[in-house]
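[1] Pasting a predicted model and its sequence here:
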Amino acid sequence: MTIELMLSVLAQCAARVDKWGLEVEARLRTCNCLIAEEAVYHKNCHRDFRSVTSVSRDRPGRPADSIKAENFELLCQ
C-alpha cells in the first residue's frame with residue numbers, strides 16, 4: 001500500500017508545477033521506506049495537495065495569527 005501511495009503522490013508532484021510539489025517530491029525521493037520513516041499526512045493537506053488548482057503555499061503549516069504573534073512579542077519584552 002505504501003508503494004502505491006508513494007507512486008501516486010510522486011505522480012501528483014509531477015502534475016503540479018509549484019514550490020509545494022517540488023518540496024514534497026524532494027522529501028519522498030530521499031526516503032526508502034515510508035513505514036520506516038513514519039510518513040504521515042494530514043487529511044486536509046493531502047486533499048489540498050491533490051487539488052492541482054489549489055493555491056500554492058509559500059510556507060507549509062498553519063497561517064500566522066498576527067494577534068497571537070503581537071501578544072507573544074509583548075510577553076517577551
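    Arrived safely. Residues are numbered from 1 along each chain as shown.

[2] which residue ranges form the helices in the chain?
    Under the criterion DSSP state H, helices of the chain are mapped to 2-15, 19-29, 43-50, 66-76.

[3] Identify whichever of those helices lies nearest to A36.
    For A36, the closest of those is helix 2-15, at 9.8 Å, according to C-beta to C-beta. Backbone N, C-alpha and C define where each C-beta goes, glycine included.

[4] about what we covered before: let me know which of the helices of the chain is tucked in deepest.
    Comparing the helices of the chain by mean neighbour count (mean count of other C-beta atoms under 10 Å), helix 19-29 ranks first with a mean of 15.

[5] Which strands or helices does the worst-scoring helix or strand of the chain on mean pLDDT pack on?
    Across the helices and strands of the chain, mean pLDDT, DSSP states H and E gives its lowest value to helix 43-50, namely a mean of 79. Packing partners of helix 43-50 (3 or more C-beta pairs under 8 Å, 6 or more residues apart in numbering; DSSP states H and E): helix 2-15, helix 19-29.

[6] mind putting those helices in CSV, distance to L75 and mean pLDDT included?
    Output for the helices and strands packed on helix 43-50, formatted as CSV (distance: least, C-beta to C-beta, whole Å; pLDDT from 0 to 100):
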stretch, distance to L75, mean pLDDT
helix 2-15, 40, 85
helix 19-29, 32, 88
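
[7] Pipe the helices of the chain into JSON lines and attach distance to A36 per row.
    Output for the helices of the chain, formatted as JSON lines (distance: least, C-beta to C-beta, whole Å):
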{"stretch": "helix 2-15", "distance to A36": "10"}
{"stretch": "helix 19-29", "distance to A36": "13"}
{"stretch": "helix 43-50", "distance to A36": "20"}
{"stretch": "helix 66-76", "distance to A36": "36"}
